[in-house]
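Engineer: coords please:
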Amino acid sequence: MNKRIWAAALAAAVTLTSAVTIPYEEARFVMAAQNSKSGSEVEDTSTDGRTTAGGFTFRITGKEATITGYGGSMKELAIPTKIIVTRPTGGDTSGGNGSAKPDENSTEYAVTAIADSAFSGNLGIEKLIMSGGTNKDGKIFGIRTIGDRAFFACHDLTTVEIASTTTSIGKYAFTDCVALNSIKVGDGNQRYKVIDNALYYYTAGAGTGLYTLVQYPLANTAAEYKVPDAVSFTLTEIADGAFWGAPTLETITIPETVKKIGDSAFAECKKLKKILLPVGLTSLGTEAFKGDSALAEVTVPEGVTTIQPGTFQGCESLAAVHMSDAMKIIGNRAFQGCKSLTDFVVPGNVTTLGDQAFANCEQLHEITIPMRTTSIGSGVFTGTKVTVLCHNGSQAAVYAASNGLTAERTYTVSFYTNSSYSNLISAQEVVEGKDAVPPNVEGRDGYRMSWSGSYTAIKQDTRVYQVWNKQFDVTFVDGYNGITEVVKVDDGEIVVPPAWKMSGFTLSWDKDLTDYVTENMTVHAVWRSNITGGTLGDQAVKPAAKGTDVVKGNNLYKVSSSNPANPTVKFIGLANANVSSVVIPETVSAGGVQYRVTLISSNALNGNKSVSSVIISKNMKSISAKAFYNCKKLKKIKLKSKNIIKMNNKAFAKIHSKAKFYTYNSKIDKYKSMLKNAGVKKPNVKRL
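Structural biologist: From the prediction side, this is the model:
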C-alpha cells in the first residue's frame, strides 16, 4: 500500500471512532498483560486503529486515548494505560515471542479516560482494575476520567480498583452494579477515598475538605446505614444514583451537613422505610426516591423549595408528606403512583403543579390547592377520584371544572406579623366553616403572642396579625412543701394562683392577689391549720415520714400519719418489758413535732409478764388485735379516751381474771360491749 494513503487512513481512524476496519495488508495483535505490578504500565496494541488486541475500542485525541467500549470476554479485566497503534511491515516483527515491536510505524497513546457508557450493561466482567501512578522513567500514567454510566448495570461486577490518578468519576458510573461489594482506590489519590467500603469524593487533602458520597456497595446486606463518623461533619452531598437499588436497606441516617441529594440517589430501594432528611438540605434531586415502595412518611426540610420530577414517584406506601410554606414548585410526576396518599395540602406558596404530579394516587380523596397556585399541568389527577378544595375563582377551581373534578369552596386565611398586613407569615386555604391552623412562630422573651382576630369557623377570606403582650412572672413559693410555680401574667391583668392543697389546712397568700400585675413578684404560701388555727411558715418542722420509729421514755411508737395538720403515732411496745405500770399518753413530742397517740398496735404487750396497770389517754381511737393478750398480771386498765371506736379481736383476752376497767359513765355500756368482742367474757367496768 502507498505509504501516504496508509498514513492518511490511519490518521482518520485514530482521530475518529472508526466504524470500519482499516484494510491493513497484515494485521497483528498483541494482548496486553492483564495484571501489572504497581507503578508499571499495561500495554495493549491495535493494528486497525479502533480495536485493541485486548478487545477494547477507543478514540484518539492528540496523544491520548479514551476507552469507548469492550468486546472481550475477560472476567478479571485490567484497563490498559497505553495503546500502541502498529502498522505491520513485510516480514515477521514479532521477534519470535508473539509481541509486536514498536518501530517507526508504531504510535503510542496514553489511555487517560473511559468514555460515557463504555462498559454499560456488560454482564461478564467480575473484577475491574484501573492502574495509575509513576513509571520507572518518572512519568505519570493512568486513568484520569471515568465517564457517566461508564459501568452502569454491570450486574456481575463485584470488585473495582480505581487508579490513584483518577480525578473525575461521572454520574451513575457504578450505579445498578448489584454485585458490587468491594471498592478500592489507589494510594495517593487526591480526590477519591473509600470509607467503610463506600466511595467518596473530597475537595481537599485526605481527611479534610468537603465530601460527596459517590457509591454505596449494593451487595451489602445491612438493613441500616449510617454515614461513618470520619465524614459525618464534612459530608455535603449524596451523589446521583449513590444508593440506587440497595436491596436490603430499611433505614438511612444522613448527617445534618448534607445540602444536596442527587438525582435517583435512593431510587428503587424497595425496603427503605425511614429516612430523616437533614434540616440544612437545599436540593432534592429528580427521582431521588422513585420506586421506594416501603417508604411511609417523609418530611421535606424548609430549604428545599422544589419537588423535582418523579422525586417520590411510585412510593406506594407513602401516606404522609410534610412540607413547609417555603415550597414553590411540585414538579412533573412528583407523587405519581403514591397509592397510600389519602389527603394532601399543597403549601400556600406553591405556584406550580407539574404534569401528572398526583396521577394514579388511587386513595387520594381530598387535596387543598392555594390561590397562589396559578400553573397546573396536564393529567395532574389522572386515575384519582379526588375532591379539590380551592378558593372560589382560583386557577384550581377553573382546573377542577374543566377536568370534571369535584370542587369544594375554601377561603384564604392569612397570618401577618403586623397590623399593616405588609409582612405575610403564611396563608392557607380553609374549607368553609372549618378552622385554620396558625403557623408556629418564634417567641419573644417577656411577651405573649396572640392573634388579632379569630381564625375559626371561617366563612370569608380572613387576615390576622400578631399581637405581642408584655408579661410578668409571678412566682408562687410553698416553702413548707418545697414547691415553686411561675405564672406568666399579661401586663395589667390579675394573676390566678395555683390551686395547691394540703389535707387539714387552708391555703392563703402573703400578698394581695386582687391587684393588677405590673411587675415581676414573688408570693409565699401560708398554710393555716383547720384544727388549731396555727400557721405553717417556710421554716416549720415537718413530721417524720410514716413508719418512722419514735422512742419516748420506755414507750415505743411508730409514726402512723405525717400529715402536718394531724401527725399521729401508734403505741407498739416497751423498751423494757419488766415494768408494772404503763401510761400511754395523749401526745408525744419528737424532733420538734407533737404527735397524737391514736392507736395501740397488734401484739403491743402480748404475753407481758410484769405489767399490772395501764392508763390509756384521751386521744386513743383503736386498740388492735391481741394488744394485751395473755398479760396475766394486768388487772387495772383506765380508759380515759371517749373516742375509742374499736377494740379488735382478743385485744384483752387472757388477762387477770379479776381485771377491772375504768372509764367515764357515758361510755361504760358501749365499752362493755367492745370488751366482750375483745376477749373479756364478763367485763368489770367501773366509773372513773
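Engineer: gap between the two ends of stretch 675-687?
Structural biologist: Distance across stretch 675-687, first residue to last, is 15 Å (CA to CA, to the nearest Å).
Engineer: kindly apply the preceding question to stretch 47-61 instead.
Structural biologist: End-to-end distance for stretch 47-61, by CA to CA: 17 Å.
Engineer: stretch 344-356 now?
Structural biologist: Using CA to CA, one end of stretch 344-356 lies 15 Å from the other.
Engineer: ok, now stretch 573-581?
Structural biologist: Using CA to CA, one end of stretch 573-581 lies 13 Å from the other.
Engineer: flag every buried residue along that stretch.
Structural biologist: G573, L574 (16 or more other CB atoms under 10 Å). For the C-beta atoms, the positions are set from N, CA and C on the backbone; glycine is no exception.
Engineer: so the spatially most central residue of the chain versus L284, what's the distance?
Structural biologist: Closest to where the C-alpha atoms of the chain average out (CA atoms, centre = their mean) is L276, at 6.7 Å. Distance, L276 to L284, by CB to CB, to the nearest Å: 13 Å.
Engineer: again, but for I79
Structural biologist: 35 Å.
Engineer: ok, now A457?
Structural biologist: For A457, the distance to L284 - CB to CB - is 37 Å.
Engineer: quick one: the helices in the chain?
Structural biologist: 3-15, 395-402, 668-677 (DSSP state H).
Engineer: so which elements touch the second one?
Structural biologist: Looking back up the chat, that one is helix 395-402. strand 375-376, strand 387-391, strand 406-416 (3 or more CB pairs under 8 Å, 6 or more residues apart in numbering; DSSP states H and E).
Engineer: repeat for the last one
Structural biologist: Contact here means 3+ CB pairs under 8 Å, 6+ apart; on that basis helix 668-677 packs against strand 646-647, strand 660-663, strand 685-687.
Engineer: one more pass at 10 Å, please.
Structural biologist: Here helix 668-677 touches strand 636-639, strand 646-647, strand 660-663, strand 685-687, going by 3 or more CB pairs under 10 Å, 6 or more residues apart in numbering; DSSP states H and E.
Engineer: quick check: mean pLDDT of the second one?
Structural biologist: So that's strand 646-647. Strand 646-647 shows a mean pLDDT of 96.
Engineer: that strand packs against which elements?
Structural biologist: By 3+ CB pairs under 10 Å, 6+ apart, strand 646-647 packs against strand 622-623, helix 668-677.
Engineer: buried deepest among those, which one?
Structural biologist: strand 622-623 (a mean of 23; mean count of other CB atoms under 10 Å).
Engineer: residues in contact with that one?
Structural biologist: Applying CB atoms under 10 Å, 6 or more residues apart in numbering, the contact partners of strand 622-623 are 570-571, 584, 598-602, 604, 616, 639, 641, 643-648, 651-652, 674-675, 678.
Engineer: that strand pairs with which strands?
Structural biologist: Strand pairing for strand 622-623, using DSSP bridges, gives strand 593-600 (parallel), strand 646-647 (parallel).
Engineer: neighbours around D116, how many?
Structural biologist: By other CB atoms under 10 Å, the residues close to D116 number 18.
Engineer: ok, it to P683 distance?
Structural biologist: 113 Å.
Engineer: identify the single longest strand in the protein, thanks.
Structural biologist: Longest strand in the chain, counting residues (DSSP state E): strand 462-478.
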